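Peer 1: model the following, please.
(2 chains)
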Amino acid sequence: MSNIAEKIAFTPERFAKAQEIIARYPEGKQKSALLPLLHLAQEQYGWVSEEVMDYVAGLLNILPIEVYEVATFYTMFHLEPVGNHVIEYCRTGPCCLMGGEDVYTHLKQKLGIDTGETTSDGKFTLKEVECLAACGWGPVFQIREKYYMNLTNQKVDEIIEELSK
Amino acid sequence: MAVKILTEHINEPGINTFEVYRKKGGYTAVEKALKKMTPEEIVEEVKKSGVRGRGGAGFPMGMKWSFLAKPEGVPRYLVCNADESEPGTFKDHYLMREIPHLLIEGMIVSSYALGANKSFIYVRGELMYVVKILEKAIEEAKAAGFLGKNILGSGYDLELVVQPGGGAYICGEETALLESLEGKRGNPRNKPPFPAVKGLYQSPTVVNNVESISNTPWIVNNGGEAYAALGVGRSTGTKLISASGHINKPGVYEIPLGISVEDFIYADEWCGGIRPGHHLKAVVAGGSSVPILPANLILNLTNGDKRLMTYESLSDGGFATGTMLGSGGFIVMDETTCIVRNTWTFARFYHHESCGQCSPCREGTGWMDKVLERIENGKGNMRDIDLLVDVAKKIEGNTICPLGDAAAWPVAAAIRHFRDEFEWHVTHPHEATKPGAVYPGAMELV
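Peer 2: You can find the predicted model right below:
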């Protein structure tokens, strides 16, 4: 890890984006950029390591602990390495009413992994999440920014096959 | 046809673009507000409209605005709460995705009314694609001169910032949202001071829901009285209802407040009835936190009148026989639904989402989750049912923010109205734990 840690830095495009984000807030309130910057970092690295958090702390001129306590509070940040595609499926009531539990069982069988696990080829990670605000279009899961809605076993097969290519 | 304030043009191709939105009369409220009205006049119209906070609490928006402190030389902020996370609720998601300029226009007239020069839209982080839709809409509005410096030559400046959250239901609570927007954990603040006095960066702040703010262009254009003329009594205007569950047409509907619950569920214009071959068992009418009601009680009041889709009618009878309009997350369940299992998923949700600051909520939500899981898995006993009621009572009213109440109410209501189902899980564990098992006893279905 240590040799990677030395190289932690945003790409030039993301660095410029980070500066633009930091400038959005009133003078002295740059800590407000923390969540957007963590998202930006996760977009680049796939997950948020301690080294990444330290880097973000440096950009905002705040203590590393101020980043750690935030990154560990919000569920969207992956604090361990994940697969290329993180499938986050909604386990809350309305999706369950629409047959979500059966669909997710099928999804787990298809990938051969359980919640919180990553396939051995490193392609897929499964995560159970709470309500994604898409209840009328359930069952639903999310992969990065994309919502996959009205899921059925067949749709799950198609999505996994497409992403496996 | 009922008046549509928010969704009249929502199916128009290209309505997500500035060009089409403008062609359909968009941004005329900004022109009227900035050229012909003072901020005070807009606040007055919003007060007259009687519009109530659409995030769930139902607090009169005009009154909330009038509480905003205005000390000299201190910036004021408007923050839009787009952290829609209450299970069963997806109306703001739909509105922002389909017609983003409506919210942007609402943000401009509302910010002008409140004297804010920098306003924020805090969107739940999972909706990152919606963040990008809103940012694009802002760019378009800015290019057309409706945002930025000296808007339409009025001398009024406004900058809008879209802020993504990080996946925490608690940030829908307005003071937790402000903490989060300041780059901190989403722990709700003790009140007072209220955000109207000390909010974002300790400055006077108004936090309003997406749907609430999206009503303001219509109110500016048509007047508060015209808005108040819609609806029934203190339930003025229209309401977006997120309809999910076992209905023929799940989706988001803009209803005139005052139609009957029965019409909403069965009319083709709305949910289109229960899915073929099935019957209505229960409804959660206002998002997962409001009390569940069995079919007969959601359709009718105890005096035999039909229950209406209004704040007052839905809460008629208190929690003994009523519920709440809440966020308008309308979850419909047919006879295939196991109430125990559904209640457990809600309890698990609140356990997961408790910020952990107040012990009654942190510990209580965990207890309810575990005890419900035990009952659902056929390992509960009769004392567990009373234990749940007891824990719910001890959370309610004993926490800094309403998450505790929101966690307690659904559990207490499920036992209040469906106690037989909980007892059956205890007395018939073998049957109750078969996949898809549902209590076979007498149920009042409709």
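Peer 1: how about the nearest residue to residue B:205, chain neighbours excluded?
Peer 2: Leaving aside its chain neighbours, residue B:205 sits nearest to residue B:199 (2.4 Å; criterion: Cβ to Cβ, 6 or more residues apart in numbering or on different chains). Glycine gets a C-beta too; all of them are placed from N, C-alpha and C.
Peer 1: what's the neighbour count on the one you found?
Peer 2: 26 (other Cβ atoms under 10 Å in any protein chain shown).
Peer 1: residue B:340 too?
Peer 2: Residue B:340 has 23 neighbouring residues, counting by other Cβ under 10 Å.
Peer 1: residue B:205 and residue B:77 touch, don't they?
Peer 2: Yes: using Cβ atoms under 8 Å, residue B:205 is in contact with residue B:77, at 4.4 Å.
Peer 1: find residues that contact each of these two.
Peer 2: Shared contacts of residue B:205 and residue B:77, defined by Cβ atoms under 8 Å, 6 or more residues apart in numbering or on different chains, comprise residue B:199.
Peer 1: and the two? Which one has more around it.
Peer 2: More neighbours surround residue B:205 than the other of residue B:205 and residue B:77, with 29 against 25 (other Cβ under 10 Å).
Peer 1: ok, residue B:186 to residue B:130 distance?
Peer 2: 19 Å (Cβ to Cβ, to the nearest Å).
Peer 1: need the three-state assignment for the nearest residue to residue A:138 once chain neighbours are set aside.
Peer 2: Computed as Cβ to Cβ, 6+ apart, the closest residue to residue A:138 that is not its neighbour in sequence is residue A:95, at 3.8 Å. Secondary structure assignment for residue A:95 (DSSP: H, G, I helix; E, B strand; the rest coil): helix.
Peer 1: next one: residue A:95, what pLDDT does it get?
Peer 2: pLDDT for residue A:95: 97.
Peer 1: quick one: residues contacting it.
Peer 2: Residue A:95 is in contact with A:89, A:131, A:135, A:138-140, counting by Cβ under 8 Å, 6+ apart.
Peer 1: farthest pair within these?
Peer 2: Across those, the longest distance by Cβ to Cβ is 13.6 Å; it joins A:89 and A:135.
Peer 1: next, the buried residues of stretch B:11-29.
Peer 2: B:15-16, B:18, B:20-22, B:26-27, B:29 (16 or more other Cβ atoms under 10 Å in any protein chain shown).
Peer 1: would you map the strands across the stretch 1-150 of chain B?
Peer 2: B:77-82, B:118-123 (DSSP state E, counting those that start in this stretch).
Peer 1: residue B:128 touches residue A:145, doesn't it?
Peer 2: Yes: under the criterion of Cβ under 8 Å, residue B:128 makes contact with residue A:145 at 4.5 Å.
Peer 1: between those two, which one's more packed in?
Peer 2: Ranked by neighbour count (other Cβ under 10 Å), residue B:128 and residue A:145 place residue B:128 first, with 19 against 13.
Peer 1: quick revisit: more neighbours: residue A:89 and residue A:135, which one.
Peer 2: residue A:135 (32 against 24).
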